[in-house]
Structure formats: C-alpha cells, structure tokens
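Student: Sequence and predicted model, in that order:
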Amino acid sequence: MKYKASTVQAFLQRIVESLDAQIQHIETASPQTFYGNVFSEIPEATYWVVTGKGRVRHIADKISASLASTGTPSYFVDAANEAHGLPLLSPSSRVLLLWRRYQPVADLTRLLEAIPASVAVDIVTDVTDLPVNRAGNLFRIVGVESSALEVPNDIVALAMGDSCVAGLESARKFTELDFLKDHPKGNLGKTIAAAQSAREISYLPPPVQAFAALKEEREGVRNLLEGLDAAAVTEWLDVFSRPWERIITTGMGKPGYCMRYLAFLLNELGRSAFYLHPAEGVHGDLGRIGERSLVIAYSHSGETDEVLNILPRMKERGATLLALTNNTASTMAKAADAALKAGAPEVDPIRKAPTGSTTAALSLATALVCSDRPAR
C-alpha cells in the first residue's frame, strides 16, 4: 500500500518538473517573446476557436470554456472531424490548436488544410518540427516526459491555456462584475453577488500576467503534492483498485471537462469508463449507473448543487463514490466512501475562474488512476 501512495507522489513530482521546465523555457525567451501577439490580437478577433483530438481534446474543451467565461468569445471544435465547422471560419476568427507528439503528423496536415488560409492558427504543442507555415503563434511545450502515457505534458498544455486566460483578463481589464454576468447561478457568482461590490484589480501587462499565472499553477500542484495525506491516498486507492464493472466520472462546469479527460484516460488504461453530466443525470441519465459501478466525482467546493442532487440516487443504484474536492468537510466528501483534498488557489487576476484549482485537481486525478497501473 505504501508503494501505491508513493507512486502517486512520484507522478505528481513529474508534473511539477514538467511545469518547471516550461517556466524556465519561457523565462529564457521572455514572456513577451513567448506569448507573441496573442494578447493584442485575440481581443480583436470574433472568436478564438479551440480544437484538439483524442485525449487532449478534453483539455482543449476546458480551455475554451474558461476563455468563454472570462470575456473571450470561444468555442470548441473536435479536430477528429476537421470538416465540421473549421472550413467555415471567417478571417476574423482565430484557432487555438492543441497538438501532442503522440498524434500522427498526417492528421495535423489534414487538419491545417481544412482551416482557411486567412485564419491565423495559434498552436500549443510539444512537436519540434511542425509542418506549419501560416500566421499565428507557436507555444512550445518543453515539459520533461517520463511516462509512456505522456500525461504530464497534457497538464502543461492545460496550464498554458490557463495562463492565456489570465493574460486575456489583463488585456480586457476583466472584472468580477463582468464574471458575475455570465455566472448568475453558479457558486462563484453567488460569492461575488454577496460581496455587492467589485474589488479593484491591479493588472500586470498581459504577458507578465500570463507568466505569473503559470508559475502559480506550478506552485499549486507542488503544494498539493507536499500536503498529500498518504493514508488518505491509500484509502482512496483501495477502493479504486477493485474490479469495477464500470467507472463513471462526473463534475459540473470546468471540473466536468476535467472528468471527461479522466474517463478518456481510464479507457486508455484498460478501465471501462464514461462521463456522466450531473445536470443530465436528474433528467434520466442516472439510469446509466448499474451495480458494481464506481463513481469518481469532482467538485471544488464539494457543495455543487447539480452533483449533490444525483448522489442519493447513485447510492440507491448500488454505486460506490470516490470524491475529489478542496473541502473534505463538504457534503459531497461526507457522502463518499473515500475523499481526497484536491485543489489550489485560482491564478487569474480576479481569482475566480477555475484555473489553478482544476490544474491541481486533474494532476492528482491522473496520478491516482495511473498509479494503479503498475500495482495491477
């Protein structure tokens, strides 16, 4: 059992090292050089369309949702179907493409050919010799890979997206009240509304703001690693490692995108898994849950209404619940068979958009499910 807990710690350490390498790379180039013109040109675009395929598509989807919730019009297109939507983009749009080196270069060439030549393409990638000759920025990932699954650099890609969220908040002078307009019913919106006034934000220049956010993301994962409760990890893994018929992941909002990624990863690891949207769960989708099912739920607060609403019926249907939350005294954590603290401070200027919290939580979630692989 100690071996399994130490494996989680080692995996998190590899993620920290990958983020360290990325930070050093940007520092060497300078933030202004690395981020290029993205913070001056994106606010002028009609949409920043985020795309990716395979496992990383869920990282792209989460980045798009974070951008949209913080003032940058954005939506996601699945790069697995390059003919859907991308050829119809107008010159006033831009594309943010996430592309990993484990994906065929021929697929990338075909995807780029589907995007009109007049549309700039910004690329987050660890491929060193991309066949690209068009307008846009290249955000090189240089993380230190040390696992066959190459998950750590997926986390770096997520952190890079969050850094762009922070930089664009600075460029737009985005405020808490702006955030509230697009979050009228969520928990974050409620906390802003309760304050009845917006805080003054001291914005840094956008590239500096983005780089500062990336460093804070690294610190969030490092602090989560250093504060990890080995006994609680062992308890969580004892439940997870049983021979479940199905594993269901769930979460609302930005945590939901992280749980979609986790379900994809679990299938790659040989564990049959799917994602259940909690809001759809109360409209009949709870029927997807059978006996010998394990549910992994992630809620930063542990009090997300949509998640709490489906927990009683999950239990009635015979499911076992594992929780990831920043609040281990929360309602969700108390309802779980095992719960782990998973969270970190948000890194965007208004400290409200799910950024640092989701990066730290997904880092822990991937470390947990990958640690089970050698043990089995």
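Tutor: Perfect, thanks for sending it. Treat the numbers as computed from the prediction; the structure is a model and nothing was measured.
Student: Just the buried residues of stretch 102-112, please?
Tutor: Under the neighbour-count criterion of 16 or more other CB atoms under 10 Å, stretch 102-112 has 103, 108, 111, 112 buried. Bear in mind the C-beta positions are built from the backbone N, C-alpha and C, glycine included.
Student: closest to residue 323 among those?
Tutor: Nearest to residue 323, judged by CB to CB, of the buried residues of stretch 102-112 is residue 103 at 32.5 Å.
Student: Can you check the pLDDT for that closest one?
Tutor: pLDDT for residue 103: 84.
Student: One more: residue 85?
Tutor: pLDDT for residue 85: 87.
Student: Then residue 14?
Tutor: pLDDT, residue 14: 94.
Student: List the buried residues in the strand or helix carrying it.
Tutor: Per DSSP states H and E: residue 14 is located in helix 2-29. Buried residues in helix 2-29, counted by 16+ other CB under 10 Å: 4-5, 7-8, 11-19, 21-23, 26.
Student: Between all of the buried residues of stretch 102-112, which two are separated the most?
Tutor: Across those (CB to CB), the longest gap, 12.8 Å, separates 103 and 112.
Student: mind checking how far the residue of the chain positioned farthest from its centre is from residue 56?
Tutor: Distance from the C-alpha centroid of the chain, by CA atoms, centre = their mean, peaks at residue 316 (30.4 Å). Residue 316 sits 36 Å away from residue 56, going by CB to CB, to the nearest Å.
Student: cool, and residue 303?
Tutor: From residue 303 to residue 56 the distance is 30 Å (CB to CB).
Student: Specify the beta-bridge partners of residue 98.
Tutor: Going by DSSP bridges, residue 98 is paired in beta bridges with residue 124.
Student: in terms of contact, does it touch residue 54 like I think?
Tutor: No: look at residue 98 against residue 54 with CB atoms under 8 Å: they stay out of range, at 9.8 Å.
Student: ok, those two, which is more surrounded?
Tutor: Taking neighbours as other CB atoms under 10 Å, residue 98 and residue 54 compare with residue 98 leading, 28 against 17.
Student: Could I get the full set of strands for the chain?
Tutor: With strands called from DSSP state E, the chain shows them at 48-52, 74-78, 94-99, 120-125, 138-140, 246-250, 273-275, 293-298, 320-325, 338-341.
Student: contacting residues for residue 329?
Tutor: Taking CB atoms under 8 Å, 6 or more residues apart in numbering as the criterion, residue 329 is in contact with residue 302.
Student: On the pLDDT front, check it for me.
Tutor: For residue 329, pLDDT reads 96.
Student: of residue 303 and residue 56, who's got more company?
Tutor: Counted by other CB under 10 Å, residue 303 and residue 56 do not tie: residue 56 has more neighbours, with 26 against 15.
Student: can you pull the contacts of that one?
Tutor: 98, 99, 100, 103, 154, 157.
Student: Same question for residue 158.
Tutor: Neighbouring residues of residue 158 by CB under 8 Å, 6+ apart: 59, 62, 63, 358, 359, 362.
Student: now, which of those sits nearest residue 34?
Tutor: Distance to residue 34, by CB to CB, is smallest for residue 63 among the contacts of residue 158, at 17.1 Å.
Student: What pLDDT does the model give that closest one?
Tutor: Looking at residue 63, its pLDDT reads 97.
Student: What's the local residue count around it?
Tutor: Counted with other CB under 10 Å, residue 63 comes out at 28.
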